[in-house]
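Novice: Structure for the following, please:
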Amino acid sequence: MKLNFSFYQITLLILGIPSYVWAENSLIEDFKSQPDTRWQFIADTVMGGVSTGEIEFFELNGDAYARMRGNVSTENNGGFIQFRMKLPKPLPAEALGLRLVVRGNNQRYFVHLRTSGTFLPWQYYQSSFLVSKGWEEVLLPFSEFKSSGSFLKNTPSPEDLKTIGVVAFGRDHEAEIDVREVSYF
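Specialist: Alright, predicted model coming up:
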């Protein structure tokens, strides 16, 4: 008997995530039906920064995706652009992390999570990932998200999540990232 494992399944195995989770990958967003009604572009200009950018939505050969691009500048205490969505309902407590299908310009990007416990605008949980020119699957366990301050719990609870943001952050650079899918495992 030949066993066929996907990269996703092997990564879950390495992370010590039980095999019953493999079939429970649950879609949050596939960008196919009016994503512009769910996703919002935000730049540091809301706090006096000078970063610029935009989000666009595309559909090509049956694949729908969001593209964020722009110029991240740390001038004037700035340093981010992001696109963010409010979750329509809480994730189940058993969810172990987020799965994204992404590509981009060979840079480091971040996911920022806000929860029912992140009251101030600068509070979030953050995890980083790298993108390359081809579509890749990225797994971000909730246990690896770091809080932005000492007043937050160490890691976010999936059932407390309110928003998910894809962020270019923290340094001067040109950003370009495509996201085809956001789900949880």
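
Novice: Tell me how far residue 141 lies from residue 36.
Specialist: 30 Å (C-beta to C-beta, to the nearest Å). In this view, the C-beta of every residue, glycine as well, is placed from N, C-alpha and C.

Novice: Let me fix that, I meant to ask about residue 153.
Specialist: In terms of C-beta to C-beta, residue 153 sits 33 Å off from residue 36.

Novice: Which one's more surrounded, residue 141 and residue 36?
Specialist: More neighbours surround residue 141 than the other of residue 141 and residue 36, with 18 against 12 (other C-beta atoms under 10 Å).

Novice: so what's that one closest to, chain neighbours aside?
Specialist: Closest residue to residue 141 apart from its sequence neighbours, by C-beta to C-beta, 6 or more residues apart in numbering: residue 97 at 3.8 Å.

Novice: burial of that neighbour, as a residue count?
Specialist: 23.

Novice: residues touching it, list them.
Specialist: Residues counted as contacts of residue 97 (C-beta atoms under 8 Å, 6 or more residues apart in numbering) are 139, 140, 141, 142, 143, 144, 184, 185.

Novice: What of residue 63?
Specialist: residue 180.

Novice: Just the buried positions in the helix or strand containing residue 84, please.
Specialist: Element membership for residue 84 (DSSP states H and E) is strand 80-86. For strand 80-86, the neighbour count (16 or more other C-beta atoms under 10 Å) marks 80, 81, 82, 83, 84, 85 as buried.

Novice: residues in contact with the longest strand that the chain contains?
Specialist: When the chain is parsed with DSSP state E, its longest strand is strand 173-184. For strand 173-184, contacts defined as C-beta under 8 Å, 6+ apart pick out 25-31, 53, 63-72, 81, 91, 95-105, 107, 109, 131, 135, 158, 164, 166, 168.

Novice: Just the ones in strands from those residues, please.
Specialist: When strands are assigned by DSSP E, the members of those inside them are 26-29, 53, 63-72, 81, 97-104, 109, 164, 166, 168.
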